[in-house]
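*Asks:* What follows is a predicted protein model with its sequence.
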Amino acid sequence: MGSVLDLGPRARRVFALGYALSLAGAIAYGQLAPDHVFGFQMFNESSTLEITLFREVERGGVTELLPIPDGEWDAPDGTGTIHHFSWNDRVRVSPLWRLGVSVHASYGLDAQLFRLERALEDVATHTPLDHETRALVAVAETVRNGRPAGSVRFRAVRR
């Protein structure tokens, strides 16, 4: 009695072709994806970024940006009870959890900026008790291969 993997000659060719096409598709996707997942980069970038977080709050009709030192802040809920929030409760991947220091941009600067934007959106979405913060803002000072590449700013509105 044969097993499921005991294929005939024609089925083997179809399987091999399907396998090769799926690998080629993963490689092509890897080169096009913002974080180059499944992609191969022989020489890594020598890029760095330094992330600073802020909360956008409205006080007396004026919008202010308040720094979030060490990624931790306190804010009231709808009843006025103060709650403690931490960036690292949701973000545990290096280098995004390291704030205020220059860190190596693993897998390239574009990949880390893509991940930073998603992390900011995730934290903004998962802090429902914070009724004071209107949006979270991240500013990343970037250096690409030893040359300053400027500041990148992301803003994630709380939902």
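*Replies:* Thanks, I have it.
*Asks:* Ala75 bridge partners, please.
*Replies:* As for beta bridges, Ala75 partners with His83 under DSSP bridges.
*Asks:* any idea how far it is from Leu7?
*Replies:* Distance, Ala75 to Leu7, using C-beta to C-beta, to the nearest Å: 60 Å. Heads up, the C-betas are built off the backbone N, CA and C, glycines and all.
*Asks:* When these two are compared, which one has more neighbours?
*Replies:* Neighbour comparison, Ala75 and Leu7: the larger count goes to Ala75, with 17 against 14 (by other C-beta atoms under 10 Å).
*Asks:* Could you check how far the more buried one is from Gly146?
*Replies:* 39 Å.
*Asks:* Then Ile82?
*Replies:* 44 Å.
*Asks:* and what of Ala105?
*Replies:* The value you get for Ala105 to Gly146, if C-beta to C-beta is used, is 12 Å.
*Asks:* Please apply the same query to Ser47.
*Replies:* Distance from Ser47 to Gly146, by C-beta to C-beta: 8 Å.
*Asks:* Between the two, which is the more surrounded one?
*Replies:* Ser47 (22 against 9).
*Asks:* That one is in contact with Glu141, isn't it?
*Replies:* No: between Ser47 and Glu141 there is no contact under C-beta atoms under 8 Å: 11.5 Å.
*Asks:* Look at the spatially most central residue of the chain and report its pLDDT.
*Replies:* Centrality entry for the chain: nearest residue to the mean C-alpha point is Arg115, 1.7 Å, by C-alpha atoms, centre = their mean. Looking at Arg115, its pLDDT reads 92.
*Asks:* likewise His104?
*Replies:* pLDDT, His104: 90.
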